[in-house]
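S.K.: 3D model of this:
(4 chains)
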Number of protein chains: 2
Amino acid sequence: MRRPTNHGFEAVVPGSAGGPLYRRVKLALLRAIESGRYPAGGALPSEAELSAALGVSIGTLRHAVDELVAEHTLVRRQGRGTFVALHTIDRFLFGFFHVERSDGLREVPNLELLSFARARVEDDAAQALGISRGDPVFLVENRLLLQGQPVIHDRLVLPALMFKGLSEKRFRERPSSIYHLYQTEFGITVTQALERARAVAAVRAAARVLGIATGTPVMQVRRTALTFGDKPVEYRVSTINTAHHDYVQLLSRPA
Amino acid sequence: MRRPTNHGFEAVVPGSAGGPLYRRVKLALLRAIESGRYPAGGALPSEAELSAALGVSIGTLRHAVDELVAEHTLVRRQGRGTFVALHTIDRFLFGFFHVERSDGLREVPNLELLSFARARVEDDAAQALGISRGDPVFLVENRLLLQGQPVIHDRLVLPALMFKGLSEKRFRERPSSIYHLYQTEFGITVTQALERARAVAAVRAAARVLGIATGTPVMQVRRTALTFGDKPVEYRVSTINTAHHDYVQLLSRPA
DNA sequence: AAGTGGTCTAGACCACCAT
DNA sequence: TGGTGGTCTAGACCACTTA
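M.R.: Numbers count the residues shown, from 1 in each chain, chains lettered A, B, ... in the order given. Below you'll find the model as predicted:
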């Protein structure tokens, strides 16, 4: 017989304000995840236990979990349990990496660290990250190879306050994916990203890194990556050589 | 007292094969919608009536409808009913139109028809549309203006068999959105689209239409639009002048 | 065999909308 | 006021996983 516990939750009462019960249950779960009580990759208590701890029916608990699963915050595995979602290489590839060869071949990119530095943030990145101009940031420069050929040049801007202790060494260890590194080392889960793309003539620096002539048309993608609560965690400018690769998108949902 | 009807549905029995009950209910609803029994914009019978007609509990019926709502096939309106989703201008703007001014201003584009013709399909479009090379198609050429300035040049390829009776006049009438035209005039609902983008130097024809110099870097987006069952209905090549506008994407879901 | 999530039911009550 | 979808419950049973 197992002793009943409340798993650190207070009962969520139905009558009071704050919207539907399942939504308050969802927020309670989200707060528990963000607080680190259930680390990325770890299991949640069973649905029966959670519904008892929160004082709601199992149907209501499932409704809340359904939404968190739809948002990729949780993952259900029948017969095993419910887990906090991990940024695996697969999720990265299909969720946040949009470049593939023109013939449709998708491939895990090979990453080369070009430079790593601490600096004070410039205006465009400060605005995207929602921090003050001049705040300390890390600047990381990467080159991504597909089939041995350089295709993408990335410049990342990371708020130093959120990535305390980040070092060049961490990046040199070639994490399976950068977002996986954020998650496991800093407890930061990237849940979505906003991208703005345009075509530009390659400047000399980017052209050299990509091995193309200055002035070649390339795609420039500016990405702001967000975590829970739409909080920005990374600003990134990618320059893509689209001579033999495409930037691919599947469109479906409005807003 | 209202006479009970089955609304043309046969009861869905739980025991047999074919996956979960709610999924077979979903398919039954989808077939009814595709068949035209419930036209775009029209209301479905109430959930109580549907669950009775299909012989399932209201919870199961709601589960099926939940998925169709998540896929934007149906729309629920509390107190009014459940409706077959319409391609309104809003849905178009947020679901399928991705160009906005660099400062973030979103605007409904002004459409100019440049040319309209019948022709035999070329290879790239034939492959994208899943038809045989040489099959009859409509070729439509549009120019989209934002704030009075030409920003996008579109070349559309439509299978003639799916768009019987399409005429230049229909396009001249400036439909609120092209996908709305497909839906109301031909019963074709675009549910999702696949886009492949790259940066290229503007060729002379596109440059003239967009009012820019030949060779200017522009984005070229090739879109395949799909309806129910991932069936292709339109192939489109867009050339975008990104001098003052961006191609914008919100990324979240993996696959 | 025990524990987990997945499905399905039957019904009560609430919130919203039209008339 | 009556009809619609939205929420919530309590429980039964199934399918899958692990030991």
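S.K.: need the contact list for A:A48.
M.R.: A:I58 (C-beta atoms under 8 Å, 6 or more residues apart in numbering or on different chains). The way it works is simple: take the backbone N, C-alpha and C, and place the C-beta from them, glycine included.
S.K.: ok, how many other residues are close to A:D230?
M.R.: Close neighbours of A:D230, defined as other C-beta atoms under 10 Å in any protein chain shown, add up to 11.
S.K.: give me phi/psi at the residue nearest to it when sequence neighbours are not counted?
M.R.: Leaving out its chain neighbours, the residue that sits closest to A:D230 by C-beta to C-beta, 6 or more residues apart in numbering or on different chains is A:Q192, at 8.0 Å. The phi/psi pair for A:Q192 (degrees, to the nearest 10) reads phi -160, psi 170.
S.K.: A:Q192 reaches B:L251, doesn't it?
M.R.: Yes: with contact defined as C-beta atoms under 8 Å, A:Q192 counts as touching B:L251 (6.0 Å).
S.K.: any idea of the pLDDT on the residue nearest to A:D230?
M.R.: Per-residue confidence (pLDDT) for A:Q192: 87.
S.K.: and what of the one 3 residues further on?
M.R.: For A:E195, the model assigns a pLDDT of 95.
S.K.: which of the helices or strands spans it?
M.R.: Remark: A:E195 resides in strand A:192-201, with elements defined by DSSP states H and E.
S.K.: would you mind listing the buried residues in the helix or strand where A:R236 lies?
M.R.: Per DSSP H and E, A:R236 falls inside strand A:231-240. Buried residues in strand A:231-240, counting neighbours by 16 or more other C-beta atoms under 10 Å in any protein chain shown, are found at A:P232, A:V233, A:E234, A:Y235, A:R236, A:V237, A:S238, A:T239, A:I240.
S.K.: quick one: the next helix or strand after that strand near chain B?
M.R.: Remark: after strand A:231-240, the chain's next helix or strand is strand A:245-251, criterion DSSP H and E. Yes: applying C-beta under 8 Å from any C-beta of the partner chain, one finds strand A:245-251 in contact with chain B at A:H245, A:D246, A:Y247, A:V248, A:Q249, A:L250, A:L251.
S.K.: by contact count, what packs against strand A:245-251?
M.R.: Secondary-structure packing of strand A:245-251 (3 or more C-beta pairs under 8 Å, 6 or more residues apart in numbering or on different chains; DSSP states H and E): strand A:99-101, strand B:192-201.
S.K.: that one pairs with which strands?
M.R.: If you go by DSSP bridges, strand A:245-251 pairs up with strand A:99-101 (antiparallel), strand B:192-201 (antiparallel).
S.K.: next SSE downstream of the shortest one?
M.R.: For strand A:99-101, the succeeding helix or strand toward the C-terminus, using DSSP H and E, is strand A:110-120.
S.K.: try the longest one
M.R.: Using DSSP H and E, the next helix or strand after strand B:192-201 towards the C-terminus is helix B:204-210.
S.K.: what's that next one packed up against?
M.R.: Counting contacts by 3+ C-beta pairs under 8 Å, 6+ apart, helix B:204-210 packs against strand B:149-159, strand B:231-240.
S.K.: hmm, try it at 10 Å
M.R.: Contact analysis of helix B:204-210 by 3 or more C-beta pairs under 10 Å, 6 or more residues apart in numbering or on different chains; DSSP states H and E lists strand B:136-146, strand B:149-159, strand B:217-227, strand B:231-240 as its packing neighbours.
S.K.: give me the angle between the last one and strand B:217-227.
M.R.: Which is strand B:231-240. 160 degrees (axes from the mean of the first three to the mean of the last three C-alpha atoms, to 10 degrees).
S.K.: and A:R23, helix, strand or coil?
M.R.: Put simply, A:R23 is helix when judged by DSSP: H, G, I helix; E, B strand; the rest coil.
S.K.: so how many other residues sit close to it?
M.R.: A:R23: 15 neighbours (other C-beta under 10 Å).
S.K.: who's in contact with it?
M.R.: Neighbour list for A:R23: A:V12, A:T60, A:H63, A:A64, A:E67 [criterion: C-beta atoms under 10 Å, 6 or more residues apart in numbering or on different chains].
S.K.: give me the element the first one is part of.
M.R.: Which is A:V12. Counting by DSSP H and E, A:V12 is part of no helix or strand.
S.K.: which one (most neighbours) among the contacts of A:R23?
M.R.: A:A64 (26 neighbours).
S.K.: so which elements touch whichever strand or helix holds that residue?
M.R.: Using DSSP H and E, A:A64 maps to helix A:58-70. Here helix A:58-70 touches helix A:21-34, helix A:47-54, strand A:74-77, strand A:81-84, helix B:58-70, going by 3+ C-beta pairs under 10 Å, 6+ apart.
S.K.: is chain B contacted by the fourth one?
M.R.: The one in question is strand A:81-84. No: no part of strand A:81-84 sits close enough to chain B to count as contact by C-beta under 10 Å from any C-beta of the partner chain; the gap is at least 15.3 Å.
S.K.: any residue of the very next helix or strand once past that strand touching chain B?
M.R.: Later in the chain than strand A:81-84, the nearest helix or strand by DSSP H and E is helix A:89-95. Yes: shown here: helix A:89-95 in contact with chain B (C-beta under 10 Å from any C-beta) through A:D90, A:R91, A:F92, A:L93, A:F94, A:G95.
S.K.: which bits of chain A sit near DNA strand D?
M.R.: Within chain A, the positions adjacent to DNA strand D are A:14, A:20-23, A:56-60, A:63, A:77-80 by C-beta under 7 Å from any atom of the strand.
S.K.: quick check on those residues: which are buried?
M.R.: The buried subset of the residues of chain A next to DNA strand D (16+ other C-beta under 10 Å) comprises A:L21, A:Y22, A:V56, A:T60, A:H63.
S.K.: need the helix or strand of chain A with the lowest average pLDDT.
M.R.: Every helix and strand in chain A was compared by mean pLDDT, DSSP states H and E; the lowest is helix A:89-95, with a mean of 77.
S.K.: contacts only, for the spatially most central residue of chain A.
M.R.: Residue closest to the average C-alpha location in chain A (C-alpha atoms, centre = their mean): A:V190, at 2.1 Å. Going by C-beta under 10 Å, 6+ apart, A:V190 touches A:87, A:91-92, A:95-96, A:177-180, A:182-183, A:225-228, A:233-234, B:251.
S.K.: hang on, A:R196 packs against B:T242?
M.R.: Yes: taking C-beta atoms under 10 Å as the definition, A:R196 is a contact partner of B:T242 at 9.5 Å.
S.K.: who touches both of these two?
M.R.: Shared contacts of A:R196 and B:T242, counting by C-beta under 10 Å, 6+ apart, come down to A:Q220, B:S102.
S.K.: care to break chain A down by domain?
M.R.: A:21-84, A:89-246 (automatic domain parsing).
S.K.: just the terminal-to-terminal distance for the longest one.
M.R.: So the one you mean is domain A:89-246. Using C-alpha to C-alpha, to the nearest Å, the span of domain A:89-246 from its first residue to its last is 20 Å.
S.K.: can you check stretch A:160-169 too?
M.R.: Terminal residues of stretch A:160-169 are spaced 16 Å apart (C-alpha to C-alpha).
S.K.: show the average pLDDT along that stretch.
M.R.: In the prediction, stretch A:160-169 has an average pLDDT of 94.
S.K.: and the contacts of it?
M.R.: A:113, A:115-121, A:129, A:131, A:135-138, A:140, A:158, A:170, A:173, A:181-182, A:185-188, A:227, A:231-234.
S.K.: rewinding a little: now narrow the buried ones among the residues of chain A next to DNA strand D to whatever sits close to DNA strand C.
M.R.: Of those, not one also sits near DNA strand C (C-beta under 7 Å from any atom of the strand).
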